[in-house]
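Colleague: Okay, predicted coordinates and the sequence, questions at the end:
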Amino acid sequence: MRTAGRRAAALTATGRLAVLAGLVAAALAGGATPAAAHGADAPTATDYRVAVTGTAPAVDGLTVRVIEAGARLELTNHTGRPIEVLGYAGEPYLEIRPDGVYRNLRSPTAYQNETLAGDTPVPDDADPTAPPAWQRISTEPVARWHDQRTYWLDDAPPEAVRAAPDQQHRVRDWTVPLRDGVTAFELRGTLDWIPPPDPVRWWGGTLLAAVLGVVALTIAARRGPTAARRLSAAGLIIGGATAAGYALARSVEAGAAGPLSVLGALGDGPVWALLTGLGALAAAGYALTRRSGTEFVIALAGTCLAIFAGASNAAVFARAIAPVPGPGWWPRVAVAVVLAAGAVVALGAVLRMRAAAEPTRSGSAASTEPGGPVRGELTLGEQRIEADR
């Protein structure tokens, strides 16, 4: 009776966990669209490198850099004067003042730059020749925006790249017109094609890491379920910490410079990877301190880790530029670790759940076999005899 009660409690806890996971997934899915609508559509990886070479002439107190793997530019204005970014028709588009950033609602560029693809409809009252209608969009003198002049818009690569995709190519030199009061000047930069890495090598490395993980789990399982569960928890800790770190690196690349701005950038971008990593860490703690429903929690955390933090970022295996700072090899290693850890941990937990269910099914079949002993009744009868004594 007590065993049946414990099993029922475990199933109830498992069901609650599944419902909670579903609610969290639905909430995140519902919140993903508004976040993408205001500039969080950076690519997971690309083969085009956008670089800033400077302003001509140079302006003291003005710094510009490329963020999000070339998806946006970031301009910081510490000149003490308003600096204007001009749109595609030469109209005032953005004005970075000492008290914040202002967007011209009459500028067609303001709507074309809302997404990376430039597919936002331009309202009828947008007119590049009309007087500006400024709307404050930030309280800091830092502007971040998509700019179609800096990156490659077509799905097909340039002709020179198609002819020799294994070589680096200068696609074009680009300029963005700026204005300091009545003085016009330019932001200049370059757009280059960078040959992508060999994805077979990275997928092969991920598979090798997974095989080694399965071997380690097999050895641990021979020592007992506790050892296997602890090793799975260690895998969740490694994969979860790596996934969360990768998400934080993406937020830094998006322009985050402090704790609050990191949280804001995470909300606009890699929130799935962050929550999955944190969930994996929580599942590891649960596995090390609890027993009921542990294997299901481990399997769920490992699966989410492999899908939402691993496979969703696997484009870095086949692209040259990742949306994180630092050398190009480390994001590939990070994604490989997350994929391998999540897949191995999930597979091990599923196999242990299946193995644990086999004796239960075998025992049920034996107890109902015609002519055979009914173990439950004999045990209960023995308990009654002992009680009478």
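Modeller: Done, it's in.
Colleague: check which helix or strand covers residue 140.
Modeller: Under the criterion DSSP states H and E, no helix or strand holds residue 140.
Colleague: pretty sure it is touching residue 101, no?
Modeller: Yes. Taking contacts as Cβ atoms under 8 Å, residue 140 lies within contact range of residue 101: 7.3 Å. The C-beta positions use only the backbone N, C-alpha and C, and glycine is treated the same way.
Colleague: ok, those two, which is more surrounded?
Modeller: residue 101 (23 against 14; other Cβ atoms under 10 Å).
Colleague: Next up, the contacts around the more buried one.
Modeller: 94-95, 136-138, 140-143 (Cβ atoms under 8 Å, 6 or more residues apart in numbering).
Colleague: can I assume it sits in a strand?
Modeller: Yes. Counting by DSSP: H, G, I helix; E, B strand; the rest coil, residue 101 is found in a strand.
Colleague: And the pLDDT at it?
Modeller: pLDDT, residue 101: 98.
Colleague: Could you tell me how far the closest residue to it other than its chain neighbours is located from residue 306?
Modeller: Distance criterion Cβ to Cβ, 6 or more residues apart in numbering; nearest residue to residue 101, sequence neighbours excluded, is residue 138 at 4.0 Å. Applying Cβ to Cβ, to the nearest Å, the value for residue 138 to residue 306 is 37 Å.
Colleague: In terms of neighbours, single out the busier of these two.
Modeller: Taking neighbours as other Cβ under 10 Å, residue 138 and residue 306 compare with residue 306 leading, 25 against 16.
Colleague: which residues does the more buried one contact?
Modeller: With Cβ under 8 Å, 6+ apart, residue 306 has these contacts: 338-339, 341-343, 346.
Colleague: So which of those sit within helices?
Modeller: Judged by DSSP state H, the contacts of residue 306 include 338-339, 341-343, 346 as members of helices.
Colleague: you'd agree residue 235 is up against residue 213?
Modeller: Yes. At 6.7 Å, residue 235 counts as touching residue 213 under the criterion of Cβ under 8 Å.
Colleague: in the chain, which ranges drop under the pLDDT threshold?
Modeller: Residue ranges of the chain with pLDDT under 70: 1-40, 256-269, 291, 359-389.
Colleague: in it, which spans are strands?
Modeller: Along the chain, counting by DSSP state E, strands occupy 48-56, 62-67, 72-77, 83-86, 92-97, 100-104, 134-138, 142-145, 169-180, 183-193.
Colleague: how much does the fifth one deviate in direction from strand 62-67?
Modeller: Translated: strand 92-97. 120 degrees (axes from the mean of the first three to the mean of the last three Cα atoms, to 10 degrees).
Colleague: Give me the contacts around strand 92-97.
Modeller: So strand 92-97 is contacted by 75, 77, 82-87, 101-104, 107, 109-110, 113, 132, 134, 141-143, 145, 179 (Cβ under 8 Å, 6+ apart).
Colleague: can you do 7 Å?
Modeller: Strand 92-97 has contacts (Cβ atoms under 7 Å, 6 or more residues apart in numbering) with 75, 77, 82-87, 101-104, 107, 109-110, 132, 134, 141, 143, 145.
Colleague: I'd like the distance between residue 281 and residue 215.
Modeller: Counting by Cβ to Cβ, the gap from residue 281 to residue 215 is 24 Å.
Colleague: ugh, wrong one, residue 160
Modeller: 47 Å.
Colleague: Please list only the buried members of the contacts of residue 101.
Modeller: Buried members of the contacts of residue 101, counted by 16 or more other Cβ atoms under 10 Å: 94-95, 138, 141-143.
Colleague: Contacts only, for residue 73.
Modeller: 64, 66, 145, 147, 150.
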